[in-house]
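# Please find the sequence and the predicted model below.
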Amino acid sequence: MKIYHGIEDFKPLDFAVVTSGTFDGVHFGHQTILKRVTQIAKKNNGESVLITYWPHPRLVLYPDDTDLKLLNTFEEKAELIREQGIDHLLRIPFTKEFSKLSSEEFIQNILVHSISTKKLVIGYDHRFGNNREGRFEQLKANSAKYGFEVEEIPKQEIEHVGVSSTKIRQALFAGEVDKACDLLGKEYTVSGRVVKGEKIGRMIGFPTANLEVDAEHKLIPADGAYAVTAQIQSKEYKAMLNIGIRPTVGGTSKTIEVHIFDFNDDLYGENVKVSFRKRLRAEKKFPDVEALKEQLTEDRKNAQKILNT
């Protein structure tokens, strides 16, 4: 898959089959659209193109809305789209100026002139252009003028899977990572760089790698302990992870700490990707460190059972 970071880098194709949207999570509903795009491209010896926008439009149009959290960084989304067999990923920088582009200008400047679209595939609720004025009916009525066909994926084909990015976010905010994984069709992941911590875990027999997630709007699941796997370079390890302020040891700021089973190497500076399997419990304050150690021992047993199934 080729990735373009601006429309100016893209050269028109002979037979482009195109879809567009934010595709946060690349969940089952998104995959229904992408499957249709790749099917049409293969049938016509064409090439599939996904247009996406970064930053997320809401972050530009509503900069004071600090509640928006995303399921994917751009890099994560690109990898998931690659796995769906898309040939070209066109990332258009979303700015206030771009948001003022009319639907007609978007069609002519992006779809026709820059890509030479031959077939456009959109979801039933897709809108585009200034104030989301563009819609399927407009595209369908003017397809001959534009020089491309348009196909709308019916509501029932997308909604029958019962999936939306909002449902997935709600599950993660509640700590229901197993439910989120079912909706996504894969495990939810968070990546971070290992930074130095206070080494409290090591002192009580549970050394942890402290992860610094350098993605401001990445959604971090609810506070608590989780059964996870940790990928370091190309190797995967079983682990448990805690998200929270660590109230038992006087913590005041939120941390993400992963305890990797049967692992003692120095990880400072390494990038670690954790894949969430199931929440073990909510974070709580224990009477003392000994009680915390007992609970961590139980957490490790429970995590190992989950990860071994």
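Here it is on my side, so go on. Residues are numbered from 1 along each chain as shown.

# Strands along the stretch 101-250 of the chain, start to end?
With strands called from DSSP state E, counting those that start in this stretch, the stretch 101-250 of the chain shows them at 117-123, 149-153, 189-195, 209-212, 224-232, 235-244.

# Same list (those strands) but as a markdown table, adding distance to residue 105 and mean neighbour count.
Glycine gets a C-beta too; all of them are placed from N, C-alpha and C. Output for the strands of the stretch 101-250 of the chain, formatted as a markdown table (distance: least, C-beta to C-beta, whole Å; neighbours: other C-beta atoms under 10 Å):
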| stretch | distance to residue 105 | mean neighbour count |
| --- | --- | --- |
| strand 117-123 | 15 | 22 |
| strand 149-153 | 17 | 18 |
| strand 189-195 | 37 | 18 |
| strand 209-212 | 41 | 21 |
| strand 224-232 | 43 | 21 |
| strand 235-244 | 44 | 20 |
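
# so which of those gets nearest residue 278?
For the strands of the stretch 101-250 of the chain, distance to residue 278 was read as C-beta to C-beta. The smallest value, 5.0 Å, belongs to strand 224-232.

# Distance from the chain centre to the closest one, please.
Offset of strand 224-232 from its chain centre (C-alpha atoms, centre = their mean, to the nearest Å): 17 Å.

# hmm, back to that, dump the strands of the stretch 101-250 of the chain into a markdown table; add distance to residue 61 and mean pLDDT as well.
Rendered in a markdown table, the data for those read as follows (distance: least, C-beta to C-beta, whole Å; pLDDT from 0 to 100):
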| stretch | distance to residue 61 | mean pLDDT |
| --- | --- | --- |
| strand 117-123 | 20 | 94 |
| strand 149-153 | 25 | 91 |
| strand 189-195 | 26 | 96 |
| strand 209-212 | 29 | 95 |
| strand 224-232 | 33 | 97 |
| strand 235-244 | 30 | 97 |
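
# Can you check which of the ones you listed gets nearest to residue 282?
That would be, of the strands of the stretch 101-250 of the chain and by C-beta to C-beta, strand 224-232, which comes in at 4.7 Å.

# By mean pLDDT, flag the weakest helix or strand of the chain.
Least confident helix or strand of the chain, by mean pLDDT, DSSP states H and E, is helix 155-159 with a mean of 63.

# helix, strand or coil for the residue positioned nearest the centre of the chain?
By C-alpha atoms, centre = their mean, the chain has its centre lying nearest to residue 72, at 2.2 Å. Three-state call for residue 72 (DSSP: H, G, I helix; E, B strand; the rest coil): coil.

# Identify the residue nearest it in space, chain neighbours excluded?
residue 24 (5.9 Å; C-beta to C-beta, 6 or more residues apart in numbering).

# so what's that neighbour up against?
56, 70-72, 77, 165 (C-beta atoms under 8 Å, 6 or more residues apart in numbering).

# Check the gap between the residue nearest to the centre of the chain and residue 143 for me.
To residue 143, residue 72 is 32 Å away according to C-beta to C-beta, to the nearest Å.

# Can you check what angle separates the helix or strand encompassing residue 305 from strand 224-232?
Using DSSP states H and E, residue 305 sits within helix 289-307. Helix 289-307 runs at 60 degrees relative to strand 224-232, counting by axes from the mean of the first three to the mean of the last three C-alpha atoms, to 10 degrees.

# What is the burial count for residue 216?
Per other C-beta atoms under 10 Å, the neighbour tally for residue 216 reads 11.

# per-residue confidence at it?
The model reports residue 216 with a pLDDT of 86.

# try residue 183
pLDDT recorded at residue 183 is 89.
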